[in-house]
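Novice: no FASTA, just this:
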Ligand SMILES: [Zn+2]
């Protein structure tokens, strides 16, 4: 399994846990090596998608891909998830107003620092980010759909729901 993760994502550990639960051999592709991850890694320049795509094609030539899973979540649901995000001004710890709230409102559990909402996480900014993301991802999905490898999976519901759908979609 090739996991494409920006180095900055705070969900890297969750994705990796889920991939291991699938019993998959995991290769993590990111902009730089992640110290915390012991598996095979591939360093990609995600800011230059065409260069990254060539690197992935080289890997796929040696270990052919069985499937490309696209987890799809409606935009209003993504906006709800992202707009609840809170970040600590001192240590950078992340919280979520609904799914991972701090013990004391607006205070970091780890260091007591102030929590704030990044400007990027305000609903109108999120809408702009999502539109840009959709435009960038569409050609990639189209490419793998044409190869017959794309499995589109609904990303709504519980983690178990999504996990079950991903598992059922795989060959
Ligand atoms: Zn903190």
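Specialist: Received, thanks. Predicted model, so just to flag it, every value in this text is computed and none were measured.

Novice: Tell me where the longest helix sits in the chain.
Specialist: helix 123-146 (DSSP state H).

Novice: who touches that one?
Specialist: Helix 123-146 is contacted by residues 49, 53, 68, 70, 75, 78-79, 82-83, 119-120, 150, 152 when judged by C-beta atoms under 8 Å, 6 or more residues apart in numbering. From N, CA and C alone the C-beta is placed, and that goes for glycine too.

Novice: Select from the residues you listed every entry located in strands.
Specialist: The members of the contacts of helix 123-146 that map onto strands under DSSP state E are 68, 70, 150, 152.

Novice: Is the last one in contact with residue 67, as I believe?
Specialist: No. Taking C-beta atoms under 8 Å as the contact criterion, residue 152 and residue 67 are not neighbours in contact, 10.9 Å apart.

Novice: Now do residue 160 against residue 147, distance only.
Specialist: 29 Å (C-beta to C-beta, to the nearest Å).

Novice: Flag whichever of the contacts of helix 123-146 scores worst on pLDDT.
Specialist: Across those, the smallest pLDDT goes to residue 49, namely 72.

Novice: tally of neighbours for the residue lying closest to that one once chain neighbours are set aside?
Specialist: Take residue 49 and drop its neighbours on the chain: the residue closest to it by C-beta to C-beta, 6 or more residues apart in numbering is residue 136, 7.1 Å away. Using other C-beta atoms under 10 Å, residue 136 is surrounded by 10 other residues.

Novice: cool, the one 5 residues further on as well?
Specialist: Per other C-beta under 10 Å, the neighbour tally for residue 141 reads 15.

Novice: how about the residues of the chain near the ion?
Specialist: 88, 90, 91, 93, 108, 110, 111, 113 (C-beta under 5 Å from the ion).

Novice: What residues are bridge-paired with residue 43?
Specialist: residue 30 (DSSP bridges).

Novice: Quick check: it vs the ion, distance?
Specialist: Note on residue 43: its distance to the ion, by C-beta to the ion, to the nearest Å, is 29 Å.

Novice: Okay, buried residues for the helix or strand where residue 51 lies please.
Specialist: Residue 51 is part of helix 49-62 when elements are defined by DSSP states H and E. Within helix 49-62, the residues that count as buried by 16 or more other C-beta atoms under 10 Å are 52, 56, 59.
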